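Student: Task: produce atomic coordinates for the following.
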Amino acid sequence: MAAPLVPLSQQIPGGNPLYESYYKQVDPAYTGRVGASEAALFLKKSGLSDIILGKIWDLADPEGKGFLDKQGFYVALRLVACAQSGHEVTLSSLSLTMPPPKFHDTSSPLMATQSSAETHWAVRVEEKAKFDGIFESLLPVNGLLSGDKVKPVLMNSKLPLDVLGRVWDLSDIDKDGHLDRDEFAVAMHLVYRALEKEPVPSILPPPLIPPSKRKKTVFAGAVPVLPASPPPKDSLRSTPSHGSVSSLNSTGSLSPKHSVKQPPVAWVVPVADKMRFDEIFLKTDLDLDGYVSGQEVKEIFMHSGLTQNLLAHIWALADTRQTGKLSKEQFALAMYFIQQKVSKGIDPPQVLSPDMVPPSERGTPIPDSSSTLASGEFTGVKELDDISQEIAQLQREKYSLEQDIREKEEAIRQKTSEVQELQNDLDRETSSLQELEAQKQDAQDRLDEMDQQKAKLRDMLSDVRQKCQDETQTISSLKTQIQSQESDLKSQEDDLNRAKSELNRLQQEETQLEQSIQAGRAQLETILRSLKCTQDDINQARSKLSQLQESHLEAHRSLEQYDQVPDGVSGTSLPDLATLNEGILLAERGGFGAMVKVE
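Tutor: As a prediction, the model looks like this:
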């Protein structure tokens with residue numbers, strides 16, 4: 001349920017003449033009610049997508065009444081202006097300042113006329129070729145791509161989801177949930193422009209509409225209700241007739257089978273409407289044969305929102321000669337009936353009144369199986385019967401002449417159409433030539449730029465090759481160094497192994513030497529102890545020797561004293577001397593014995 005509407009005084013400026021004129025178009029009788037079909041028909045001319053228009057309807061009709069009063073219609077117009085200005089479609093946006101809403105051909109409640117600027121497609125030829133390649137790579141089915149296949153391509157652009165949503169709405173022109181080749185090109189063009197920081201429009205600009213989509217507006221769910229091709233009936237096409245058939249006899253009386261020539265009756269279709277309908281006719285007549293088929297006008301008729309049965313009845317009224325096609329006047333008559341029903345609610349008649357018959361057909365009898373010009377009227381009076389036969393003959397001749405005139409006019413019209421078509425072809429060829437010249441210049445500029453880039457790339461390639469050669473030489477030198485280092489390393493490893501072996505041998509010798517040292521130390525200690533003992537003995541011997549030496553000296557002195565004793569000394573002194581010599585000898589023996597013992 002939508003939020004309640006704020007007061008109208010806060011939404012729409014009071015007495016807005018533009019909004020009043022829009023309201024007058026959808027409710028000319030000022031009934032205070034705008035039906036869903038009338039409102040939808042009018043709002044579609046804003047160019048907004050069906051999703052946005054549905055949201056606008058929900059906000060304008062919050063109670064779900066199925067129609068809009070004047071206030072609700074004003075709210076819808078204001079919300080259309082919000083959407084066209086790029087604002088969010090909410091009731092809070094109604095108070096914003098924005099330009100008024102825009103509708104195509106607002107003077108006609110039937111359909112939006114196409115802009116004259118739609119003569120050139122904004123998607124360039126080279127862009128289209130690139131986009132077609134992407135289109136084919138996505139494997140379209142029956143020439144269409146679903147949203148699931150297009151989504152990854154759009155997501156790769158990294159654009160915000162709301163921007164991608166607008167791109168999809170704008171590119172899906174026929175609103176069938178799929179993109180054909182041209183619609184996909186429009187989507188890619190919008191994505192590329194958005195990547196260049198250009199805003200995505202709220203309405204698809206006319207130059208972006210593919211040429212294949214410009215002459216008709218397709219509506220989802222539309223089904224054919226009108227003849228797609230003329231039925232196999234032998235009938236005459238409607239062409240202006242110069243003169244009318246009269247059946248006066250020689251006496252001035254009227255034949256019962258013919259009516260009196262009536263004074264001219266004004267046509268029910270206004271001149272202004274006729275001119276507008278003629279413009280629509282010229283855009284709809286794709287084959288330029290002066291007639292439109294049911295297939296060509298199907299979308300236009302369905303755009304009115306009328307039921308299929310009613311549209312079929314209007315077609316039958318306008319196709320007065322049952323040819324399966326409509327001439328320009330017959331098309332204008334059908335459009336008039338549709339306009340009367342849509343804008344004023346007036347139903348079309350069951351049969352055409354005299355003021356409804358197209359002017360070009362009023363003087364030409366319509367073939368009828370119940371009557372024929374070959375039959376005369378017999379009265380029983382020979383003279384009158386002869387006159388009647390002559391009149392019938394004149395009528396046949398006149399009808400034959402009129403038939404010839406129509407055929408000539410048809411031939412002239414065909415020649416004129418051919419000339420116009422040739423002129424159009426010439427204009428198109430001239431335009432194409434100019435476009436090709438522009439494309440050629442553009443291609444030449446790009447070619448020059450590519451030549452410059454090519455020269456730069458060549459220079460860069462030469463630099464890269466030189467660097468590659470330098471790097472190759474450096475790598476070769478490094479490989480040689482690596483090989484030399486590997487050889488040195490191997491030699492060093494051999495030396496290291498030999499040094500390790502020598503170290504092990506030295507360690508073993510060191511161990512043996514340490515053992516020998518320890519054994520020598522033990523022997524040395526033994527020797528030192530023996531030497532000490534020997535030293536002690538030597539010291540004792542030396543002491544004894546000293547004593548002996550002293551004894552010897554003392555003996556020597558004693559001898560000297562003895563020598564000095566004269567021969568006549570007493571006998572008592574000799575025993576003392578003998579004792580002294582004996583002591584010296586004992587001392588000497590004892591000293592030598594001690595020395596020998598020490599040794």
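Student: Can you name the element that comes right after the helix or strand hosting residue 283?
Tutor: Secondary structure assignment for residue 283, by DSSP states H and E: helix 271-284. Later in the chain than helix 271-284, the nearest helix or strand by DSSP H and E is strand 292-293.
Student: Go ahead and list the helix or strand containing the residue most central in space within the chain.
Tutor: What sits nearest the mean C-alpha location of the chain, by Cα atoms, centre = their mean, is residue 154, with 3.2 Å. If you go by DSSP H and E, residue 154 is part of helix 147-155.
Student: shaky segments in the stretch 351-500 of the chain?
Tutor: Across the stretch 351-500 of the chain, residues meeting the criterion (pLDDT under 70) sit at 363-390, 392, 395-396, 399, 403.
Student: ok, which stretches of it are helices?
Tutor: In the stretch 351-500 of the chain, the helices defined using DSSP state H, counting those that start in this stretch lie at 382-564.
Student: Packing partners of the helix holding residue 154?
Tutor: In terms of contacts (3 or more Cβ pairs under 8 Å, 6 or more residues apart in numbering; DSSP states H and E), helix 147-155 is packed against helix 161-171, helix 181-195. To be clear about C-beta, it is placed using only N, CA and C from the backbone, and glycine gets the same treatment.
Student: what domains does the record give for the protein?
Tutor: 17-95, 125-208, 271-357, 400-516 (the TED database).
Student: Looking at these, which is nearest to residue 551?
Tutor: domain 400-516 (49.6 Å; Cβ to Cβ).
Student: related to what we said a few turns ago, could I get the domains of the chain as CSV with distance to residue 394?
Tutor: What follows is the domains of the chain, written out as CSV (distance: least, Cβ to Cβ, whole Å):
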stretch, distance to residue 394
domain 17-95, 50
domain 125-208, 56
domain 271-357, 24
domain 400-516, 10
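Student: mean pLDDT lowest for which of these?
Tutor: Out of the domains of the chain, domain 17-95 stands lowest, with a mean of 83 (criterion: mean pLDDT).
Student: Now do that domain: distance from first to last residue.
Tutor: 18 Å (Cα to Cα, to the nearest Å).
Student: Next one, pLDDT for residue 253 please.
Tutor: So, for residue 253, pLDDT stands at 34.
Student: oh sorry, the question was meant for residue 597
Tutor: 47.
Student: Repeat that for residue 521.
Tutor: 89.
Student: and if you look at the one 10 residues further on?
Tutor: Confidence per residue is given as pLDDT, and for residue 531 that number is 90.
Student: on that earlier part again, how about the helices and strands packed on helix 147-155 in JSON lines, adding mean neighbour count and distance to residue 452?
Tutor: Formatted as JSON lines, those follow (neighbours: other Cβ atoms under 10 Å; distance: least, Cβ to Cβ, whole Å):
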{"stretch": "helix 161-171", "mean neighbour count": "18", "distance to residue 452": "35"}
{"stretch": "helix 181-195", "mean neighbour count": "21", "distance to residue 452": "24"}
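Student: would you turn these into a markdown table with distance to residue 463?
Tutor: Shown next, in a markdown table, are the helices and strands packed on helix 147-155 (distance: least, Cβ to Cβ, whole Å):
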| stretch | distance to residue 463 |
| --- | --- |
| helix 161-171 | 42 |
| helix 181-195 | 33 |
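Student: of all these, which lies closest to residue 91?
Tutor: helix 161-171 (19.7 Å).
Student: Neighbouring strands - and their directions - for the following helix or strand past the closest one?
Tutor: Later in the chain than helix 161-171, the nearest helix or strand by DSSP H and E is strand 178-179. Here strand 178-179 is paired, per DSSP bridges, with strand 145-146 (antiparallel).
Student: now residue 514: how far from residue 507?
Tutor: 10 Å (Cβ to Cβ, to the nearest Å).
Student: Same question for residue 558.
Tutor: Counting by Cβ to Cβ - residue 558 and residue 507 are separated by 73 Å.
Student: Please apply the same query to residue 129.
Tutor: Relative to residue 507, and taking Cβ to Cβ, residue 129 is found at 87 Å.
Student: same thing with residue 284?
Tutor: 114 Å.
Student: Looking only at neighbour counts, state which of these two leads.
Tutor: Looking at residue 284 and residue 507 with other Cβ atoms under 10 Å, you find the greater number of neighbours at residue 284, namely 17 against 10.
Student: what's the neighbour count on residue 320?
Tutor: 21.
Student: I meant residue 509, not that one.
Tutor: 11.
Student: try the one 10 residues further on
Tutor: Here the count is done by other Cβ under 10 Å, and residue 519 has 10 residues near it.
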